[in-house]
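Engineer: sequence first, predicted model second:
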Amino acid sequence: MPNNFISAVDMGTNSFHLIIAKVKKNGSFKIVDREREVIRLGSHEGQNLSIISPGEIEASVEVLLRFKKLSGIYGTNMNALATSAVREAENKNEFISLIKERTGIKVKVIEGHHEARLIYLGVKKALPISDKKVLCIDIGGGSTEFILGDNGEPAFAESVKIGAVRLSKKFFPDYVLTPKSVSECEKFIEQEIKSNRRIKLNTEIDFAVGSSGTIQSAASIICSVKYSKPPASLNGFTFSSDELKIIFNDMMRLKTPSERINIKGLEAKRADIIPAGMLVLKKIFDLFGIRKMTVSEFALREGILLEMISKSRVKE
C-alpha cells in the first residue's frame with residue numbers, strides 16, 4: 001500500500017467507477033479522488049449481455065488508461081474488478097487479455113454473490129446498520145443484488161440478472177415504452193426474483209437500504225420534487241413507497257428518452273435505461289412490502305477498498 005493510498009475500479013455494466021482513498025492508521029479511509037465514465041458493456045451485440053463489442057473494448061481501454069494515469073499520480077496501482085457483463089460475455093477471456101495487453105491492468109472478474117457481499121461491506125460503512133436486520137438492494141446495469149444483513153453479517157447475498165441495461169436491451173431495444181413491453185418486463189422481473197429460493201420475500205426487517213444508479217436517481221428525482229434545492233449528499237436520505245409510486249407513474253407516461261431527458265433530478269445519460277431500473281425498484285417494493293428505503297452512497301467500489309484494506313492488514 002504505497003503512500004497509504006489505494007485505488008479501485010468497479011467495471012460495471014453501465015459505467016466504470018474509479019475511487020482513490022487514503023488509508024488511515026486505524027484501517028478506515030478517506031476518499032481523495034473519484035471518476036466515473038458511462039460505458040455500456042454488452043449493449044450492442046449478441047443476446048442479453050453476451051458480446052462485448054470492439055467499440056466497447058476500445059472505450060474500456062481508453063477509460064482504464066486514464067484511470068491508471070490518475071492512480072499513478074497518487075503512487076498506487078489500481079485494483080480492477082468486473083461484474084455482470086464481463087462475467088457473462090462469450091468473449092470474456094479475449095476482453096481481459098486485450099485489457100492486460102493494452103493497459104497492463106489485470107482485470108479480476110467477481111461472481112454475483114461476492115459482488116453482493118462487497119456491496120454490503122460498503123453499505124455498512126456508509127450507514128449505522130451493523131446491529132440491525134436490513135434488506136440491501138443494489139440495482140446495477142446487468143444485475144440486481146439482494147443482501148439480508150443481520151447484526152452485521154449477510155444472512156443471504158444473492159445476485160439476480162435484472163439490471164437496467166440488460167432489461168432495456170431485452171424489452172425496450174429502442175428505449176420506447178409500450179403497455180405490452182412494460183407488462184412483459186414486470187412479469188419477467190417478478191419471475192426472476194421469485195425463482196431464487198434463497199431470497200426470502202417474507203422476512204421481517206428493521207429497514208431497507210438502496211444503493212447505486214437507479215436508486216440514487218429515484219432519490220434525486222424525489223428530492224427535486226420535495227425541495228427547491230436538493231441536498232449535497234443523498235447518503236441517509238429516506239423516501240417512501242408513496243413517493244416512489246408518484247414518480248414511477250409519472251415516468252411510465254413518458255414513452256421516449258427525449259421526453260424523459262427533462263425529468264428534474266435525472267442525469268441525462270440515464271434517460272434511456274431509467275424505466276427498466278424503475279420497474280425493478282417498484283417490483284422490489286411491492287414484493288417485499290417495503291414502505292421506506294434509505295439511500296447509501298457507498299456500495300461496491302467502497303466495499304472493494306474495504307476488502308483491500310482488510311487483506312493488507314492481515315498480511316502485516
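Structural biologist: Alright, I've got the coordinates.
Engineer: from now on I want contacts and neighbour counts done on CA atoms only, so please keep to that.
Structural biologist: Fine.
Engineer: where does the protein dip in pLDDT?
Structural biologist: Residues of the chain that meet the criterion pLDDT under 70 lie in 1-2, 45-49, 313-316.
Engineer: can you give me the strands in it?
Structural biologist: Secondary structure of the chain by DSSP state E: the strands cover 5-11, 15-23, 29-38, 78-82, 107-109, 133-139, 144-150, 153-160, 207-211, 238-240, 292-296.
Engineer: identify the residues contacting the closest residue to Phe248 other than its chain neighbours.
Structural biologist: Once flanking residues are discounted, Phe248 sits nearest to Met278: 6.8 Å by Cα to Cα, 6 or more residues apart in numbering. Neighbouring residues of Met278 by Cα atoms under 8 Å, 6 or more residues apart in numbering: 214, 218, 248.
Engineer: next, count neighbours for the last one.
Structural biologist: Which is Phe248. By other Cα atoms under 10 Å, 17 other residues sit near Phe248.
Engineer: gap between the nearest residue to Ile215 once chain neighbours are set aside and Phe5?
Structural biologist: Leaving out its chain neighbours, the residue that sits closest to Ile215 by Cα to Cα, 6+ apart is Ile139, at 6.9 Å. According to Cα to Cα, to the nearest Å, Ile139 stands 29 Å off from Phe5.
Engineer: which of these two has more neighbours?
Structural biologist: Between Ile139 and Phe5, Ile139 has the larger neighbour count (other Cα under 10 Å), namely 25 against 20.
Engineer: quick check: phi and psi on the residue minimising distance to the centre of the chain?
Structural biologist: For the chain, the residue nearest the mean C-alpha position is Gly140 (3.6 Å; Cα atoms, centre = their mean). As for Gly140, its main-chain torsions (degrees, to the nearest 10) stand at phi -110, psi -160.
Engineer: who touches it in this structure?
Structural biologist: 12-14, 163-164, 212-214.
Engineer: from Ile309, how far out is Ser7?
Structural biologist: For Ser7, the distance to Ile309 - Cα to Cα - is 11 Å.
Engineer: sorry, that was for Ala271
Structural biologist: Where Ile309 is concerned, Ala271 sits at a distance of 36 Å (Cα to Cα).
Engineer: for Pro230, what are its contacts?
Structural biologist: Contacts of Pro230 (Cα under 8 Å, 6+ apart): 220, 223-224.
Engineer: can you map out the helices along the stretch 101-250 of the chain?
Structural biologist: For the stretch 101-250 of the chain, applying DSSP state H, counting those that start in this stretch gives helices covering 112-126, 164-171, 179-194, 213-226, 241-252.
Engineer: quick one, the first one and strand 144-150 angle?
Structural biologist: This means helix 112-126. Going by axes from the mean of the first three to the mean of the last three Cα atoms, to 10 degrees, helix 112-126 is angled at 60 degrees with respect to strand 144-150.
Engineer: understood, closing this out.
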